[in-house]
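Q: Provided below are the primary sequence and the corresponding predicted coordinates.
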Amino acid sequence: MKIRIACKGDQKSIEESVKSAYMHYIDRIGIKPAPMLADYNKAIESHKTYVLEDSELGVVGVLVLVISKGKFLLENIAIHTSAQGKGYGKALLQLAEKTARELKFDYVELYTHEKMNENISLYQRIGYDIFDRIHESGYSRVYMKKYVKG
């Protein structure tokens with residue numbers, strides 16, 4: 001496993017990983033999840049975007065961090081279904097939290113769709129707390145944060 005900053009040549013692999021990771025949610029929420037509609041070329045250019053490479057499968061994961069004054073947002077994390085269960089998601093989450101600490105943020109914020117119950121449960125198990133529920137951009141989102149300072 002290797003994690004590195006994404007480059008333009010990674011866009012197709014990122015989109016494939018995202019599609020694979022989120023495809024099964026379409027029926028549940030009734031529309032494509034927002035990460036499937038994102039502009040990953042823009043993410044690579046504008047945000048801290050990382051890819052995770054598997055030694056056999058190539059790029060199988062993505063982490064998009066949006067960092068602005070006073071806010072550290074984990075905008076997307078996705079692992080291709082062919083590479084799930086290997087601890088890759090955990091490694092990307094740890095990178096997000098480490099980056100937040102290094103940049104002197106108190107917490108990492110993220111959101112997920114309210115119908116992605118397994119994601120909400122996972123994030124709660126690893127220390128994220130729900131702090132808001134918002135309907136925005138056509139999605140019912142659950143906002144969560146985890147304090148990482150100290």
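A: Yep, that arrived. Numbering: from 1, shown residues only.

Q: quick one: low-confidence parts of this protein?
A: 150 (pLDDT under 70).

Q: Tell me which stretches of it form helices.
A: Using DSSP state H, the helices of the chain run over 11-22, 25-29, 40-46, 88-102, 117-125.

Q: got the CA coordinates for the third one in PDB?
A: The C-alpha coordinates for helix 40-46 follow below in PDB (Å, rounded to 0.1, in the frame of the first residue of the first chain):
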ATOM      1  CA  TYR A  40     -12.200  15.000  -9.600                       C
ATOM      2  CA  ASN A  41     -10.000  17.000 -11.900                       C
ATOM      3  CA  LYS A  42     -11.100  20.100  -9.900                       C
ATOM      4  CA  ALA A  43     -10.500  18.200  -6.700                       C
ATOM      5  CA  ILE A  44      -7.000  17.300  -7.700                       C
ATOM      6  CA  GLU A  45      -6.300  20.900  -8.600                       C
ATOM      7  CA  SER A  46      -8.100  22.700  -5.800                       C
END
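
Q: what's the distance between that helix and the middle of its chain?
A: 14 Å (Cα atoms, centre = their mean, to the nearest Å).

Q: Kindly report the same for the last one.
A: For helix 117-125, the distance from its own C-alpha centre to the chain's C-alpha centre is 13 Å (Cα atoms, centre = their mean).

Q: neighbours around Gln84, how many?
A: For Gln84, the tally of surrounding residues (other Cβ atoms under 10 Å) stands at 15. Where C-beta positions appear, they are placed from N, C-alpha and C, glycine not excepted.
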